[in-house]
Structures are given as structure tokens and as C-alpha cells.
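Chemist: All I have is the shape, not the residue letters:
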């Protein structure tokens, strides 16, 4: 019901894309069950949406990108892609290195949330403030995926925009 409400609201505002958290909670959900039920839900949700609508499934608490890639693959709809939040993938003791997240997610990627942190919490630091190699990640994504969009997801975007310019990633 909430996704349907959000969809109707975005139409009112003329927005054509949604980013949604996967809803996976470790130690609560069985991964196989979660993939199966999520794929069925999203396939049904997408069934009556227009061709210009995009939905990006964002990583949150998943230990690795595998489940989300399986869900997107099972839905098998070019309008339904992954949103890779590099901050989520890089914090709170995730066992999968960020480079693996990027490589595995690349074929399914439609959107990226850019921020940085020091590995302990999702603090949404400026792009140059943390342990994530943001420059290398952006370059890898831009070199390996087409039509990917980015959102700077920090407390104050100006320092990150300046950092992107200084790094030669933004004109």
C-alpha cells in the first residue's frame, strides 16, 4: 500500500523514478525466502507501470550484493534496477569489500547513492571524508555501466560537489 501511495505521489510531482530500500533484515529473514518473495512482489508491482517509470532497489543491511542481484534478475524488467548505496555497503562490519559490491552490482545498476564514512556507521560524510575510495568507485561505475544516475547523499552537498570537481569527475 505504501509503495502504491508513493508511486501516485511521484506521478503528481512529475517524477519518473523511485528508490526503495530492500527491506531485508539479517537474522530475521531467510535469504532464499526473501529473494523469492521480493521478486514476486516487485514483478507484480511493476506489471502495470508505464515504460518511462524506473524503480531502483537499494541495498541496506544485506551482507553482500548477491540477493539483490538475484531479485533484479528474477524480476527481469529493464525498468527495475539496483541502487548501490556505497555508504551502506561499506559500513557496520559488512563482510564483502566495496569493490566486490561494485563489480557484482554493475550489470544490474541503475542508480548510485554517493557518500562516505569511516566503516562503523552510515554517517553520510562528504565524499572526501572517510575510508571509501569514492573516486575509483565512480570511475569503475562510469566505465562499466550505461545510463546510471547518481545522487550525492550527504548532509551538505557543496563540499562533495567541490570534491568531485577537484577530482576531475564533474565539470
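Modeler: Looks like it arrived, so ask away. Computed from a predicted structure; not experimentally measured. Numbers count the residues shown, from 1 in each chain.

Chemist: Where do the helices of this structure begin and end?
Modeler: Using DSSP state H, the helices of the chain run over residues 2-13, 31-46, 66-75, 86-89, 98-105, 134-144, 157-166.

Chemist: Just give me the residue closest to the centre of the protein.
Modeler: residue 83 (2.0 Å; CA atoms, centre = their mean).

Chemist: That one is in contact with residue 114, isn't it?
Modeler: No: between residue 83 and residue 114 there is no contact under CB atoms under 8 Å: 11.1 Å. All C-beta spots, glycine's among them, are computed from the backbone N, C-alpha and C.

Chemist: Buried deepest among the helices of the chain, which one?
Modeler: Highest mean neighbour count of the helices of the chain: helix 86-89, a mean of 24 (counted as mean count of other CB atoms under 10 Å).

Chemist: Could you list the residues in contact with it?
Modeler: 58-61, 65, 96, 98, 101-102, 112-117, 122-124, 132, 134, 137, 153 (CB atoms under 8 Å, 6 or more residues apart in numbering).

Chemist: circling back to that earlier point, which stretch among the helices of the chain approaches residue 128 most closely?
Modeler: For the helices of the chain, the distance to residue 128 is smallest for helix 157-166, at 4.4 Å, taking CB to CB.

Chemist: That closest one versus helix 134-144: what angle between them?
Modeler: Relative orientation of helix 157-166 versus helix 134-144 (axes from the mean of the first three to the mean of the last three CA atoms, to 10 degrees): 70 degrees.

Chemist: Could you number the chain from 73 rather than 1 from now on?
Modeler: I'll keep to 73 as the first residue from here, and by that count the last item is helix 229-238.

Chemist: list the contacts for the residue nearest to residue 151 when sequence neighbours are not counted?
Modeler: The shortest distance from residue 151 to any non-neighbouring residue, by CB to CB, 6 or more residues apart in numbering, is to residue 126 (5.4 Å). By CB under 8 Å, 6+ apart, the contact set of residue 126 is 88-90, 151-153, 182-183.

Chemist: Quickly list what residue 126 is bridged to.
Modeler: Note on residue 126: beta-bridge partners residue 89, judged by DSSP bridges.
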